[in-house]
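> here is my input; please provide its structure:
(one chain, ligands or ions: 1)
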Amino acid sequence: RYTIAAFVETAMPSLSFEFFPPKTAQQREQLDQTVTKLAAFGPDYVSVTFGAGGSTLNYTRETLAHLKHMHGLEVAPHLSCMGGTREEIAALLDDYRAAGYRRLVALRGDLPSGMASPGDFRYAAELVRFVRERTGDHFRIEVAAYPETHPQAADALVDLEHFRAKIAAGADGAITQYFYNPDAYFRFVADVRRLGVSVPIVPGIMPIANFSQLTRFSASCGAEIPRWIAKRMQALGDDAQAIRELGAELVAQLCRQLLEGGAPGLHFYTLNRARPTMAVLERLR
Ligand code: FAD
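From the prediction side, this is the model:
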């Protein structure tokens, strides 16, 4: 583990990378190249997303097995319960246990358009409780956290209570939605500590590569892009290289602030591309 060495020695922050399951041969090849490059940074584990309503189930399974056996990585399947039945989720847990996986990222997910039944679980807390009932302490369970409040939450304080309930149901830690305002993270952590939550809350980091795409995506998932960052990016127009450089610099600065402020690690949303995440990690050395 040669990177982020400067702070690894003092604080041992965790490092994890998130991938989505590729569907085509070309996407698979791209993921292989990405994983080979990022594995050199010595992640504690890598996670693989799960499409809404189980739509990527087979691809997710395939990708997990590939990352474990071909790249020798510890893997964490994402498991979203929206649209799933107790029997389906139980079968999947049995599969993952038999495959030797020891981690899970447990989520509610979102009901895909066209899917009529929300399934047997309404919220991630119910899924976490079910996983614990069925598999005891086998899995280390991470849940999602929203420093800027989940977009569907009735209000910010209620959302904090719902987060607390997921931890009380048996989660071991949390990964946040991405954000660019470190104060939102520090405030969230302080608030949930006051509610009695003591598990590690790892910030989710979205490197900035394609700024206009990021802006559209952020609007739908409730992540705020600070005005000053948007203005600086807009001023660079179509200069993709300058946008990538400024993005890497700003995100590396965010990571530094988070780690110096006590964040227990970093979880990168890689979008299956190596360069944007590497550009940030290299600046953290
Ligand atoms: P929950 O914790 O259940 O919360 C959802 C909403 O319900 C919140 O507004 C909460 O306040 C509210 N709520 C909770 N409990 C109650 C209650 N008892 N009564 C009333 N309201 C309640 N999506 C995927 O489809 N696949 C993935 O692989 C995936 N990976 C993700 C990884 C991370 C790290 C993150 C942060 C998100 C991921 N998502 C994924 C997105 C996630 O599924 C959505 O954000 C989803 O809308 C909420 O999931 P959750 O687990 O946070 O839900």
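> in the longest helix anywhere in the chain, what counts as buried?
Ranked by residue count under DSSP state H, the longest helix found in the chain is helix 240-260. Taking 16 or more other C-beta atoms under 10 Å as the basis for neighbour counts, the residues of helix 240-260 that come out buried are 243-244, 246-248, 250-252, 254-255, 258-259. From N, CA and C alone the C-beta is placed, and that goes for glycine too.
> what's next to that helix, contact-wise?
By C-beta atoms under 8 Å, 6 or more residues apart in numbering, the residues outside helix 240-260 that reach it are 7, 11, 13, 180, 182, 185, 203, 205-211, 229, 232-233, 236, 266, 275-276, 279-280, 283-284.
> nearest to the ligand among the buried residues of helix 240-260?
The ligand lies nearest to L258 out of the buried residues of helix 240-260, by C-beta to the nearest ligand atom, at 15.2 Å.
> from G42, how far off is the closest one?
Computed as C-beta to C-beta, to the nearest Å, the L258 to G42 distance reads 19 Å.
> could you do D155 as well?
For D155, the distance to G42 (C-beta to C-beta) stands at 40 Å.
> what's the answer for F19, then?
For F19, the distance to G42 (C-beta to C-beta) stands at 16 Å.
> could you double-check that C221 sits in contact with Q177?
Yes: with contacts counted by C-beta atoms under 8 Å, C221 reaches Q177, the gap being 6.5 Å.
> what about these two, which has more around it?
When neighbours are counted by other C-beta atoms under 10 Å, C221 and Q177 differ, and Q177 comes out ahead with 21 against 14.
> so what's that one up against?
With C-beta under 8 Å, 6+ apart as the criterion, the residues that contact Q177 are 144-148, 150, 204, 221-223.
> that one: what's its closest spatial neighbour, skipping adjacent residues?
If you skip the residues right next to it in sequence, Q177 has Y146 as its closest partner in space, 5.0 Å away by C-beta to C-beta, 6 or more residues apart in numbering.
> that neighbour: neighbouring residues, count only.
Neighbour count for Y146, taken as other C-beta under 10 Å: 23.
> from memory it sits against I175, does it?
No: between Y146 and I175 there is no contact under C-beta under 8 Å: 10.7 Å.
> what about the nearest residue to R61 once chain neighbours are set aside, neighbour count?
Computed as C-beta to C-beta, 6+ apart, the closest residue to R61 that is not its neighbour in sequence is D95, at 7.4 Å. Using other C-beta under 10 Å as the criterion, D95 is surrounded by 13 other residues.
> can you pull out the strands in the stretch 51-200 of the chain?
75-80, 103-107, 140-145, 173-176 (DSSP state E, counting those that start in this stretch).
> show me what the second one is packed up against.
This points to strand 103-107. strand 45-48, strand 75-80, helix 124-135, strand 140-145 (3 or more C-beta pairs under 8 Å, 6 or more residues apart in numbering; DSSP states H and E).
> could you rerun that using 6 Å?
Applying 3 or more C-beta pairs under 6 Å, 6 or more residues apart in numbering; DSSP states H and E, one finds that strand 103-107 contacts strand 75-80, helix 124-135, strand 140-145.
> any chance of those in JSON lines, plus mean pLDDT?
As requested, those are arranged in JSON lines below (pLDDT from 0 to 100):
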{"stretch": "strand 75-80", "mean pLDDT": "97"}
{"stretch": "helix 124-135", "mean pLDDT": "98"}
{"stretch": "strand 140-145", "mean pLDDT": "98"}
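> how close does the residue nearest to Q177 sit to the ligand?
Taken as C-beta to the nearest ligand atom, to the nearest Å, the spacing of Y146 relative to the ligand amounts to 7 Å.
> now restrict the contacts of Q177 to buried residues only.
The neighbour-count test (16+ other C-beta under 10 Å) applied to the contacts of Q177 identifies 144-148, 150, 204, 223 as buried.
> now stretch 169-176: average pLDDT?
Averaged across stretch 169-176, pLDDT comes to 98.
> how far off centre is it?
Relative to the mean C-alpha coordinate of its chain, stretch 169-176 is positioned 12 Å out (C-alpha atoms, centre = their mean, to the nearest Å).
> contacts for that stretch, please.
Judged by C-beta atoms under 6 Å, 6 or more residues apart in numbering, the contacts made with stretch 169-176 from elsewhere in the structure are 125, 128-129, 132, 140-143, 145, 147, 199-204, 267.
> stretch 272-285 too?
Residues from elsewhere that reach stretch 272-285, judged by C-beta under 6 Å, 6+ apart: 3-4, 19, 31, 34, 37-38, 41, 207, 209, 248, 251-252, 255, 268, 270.
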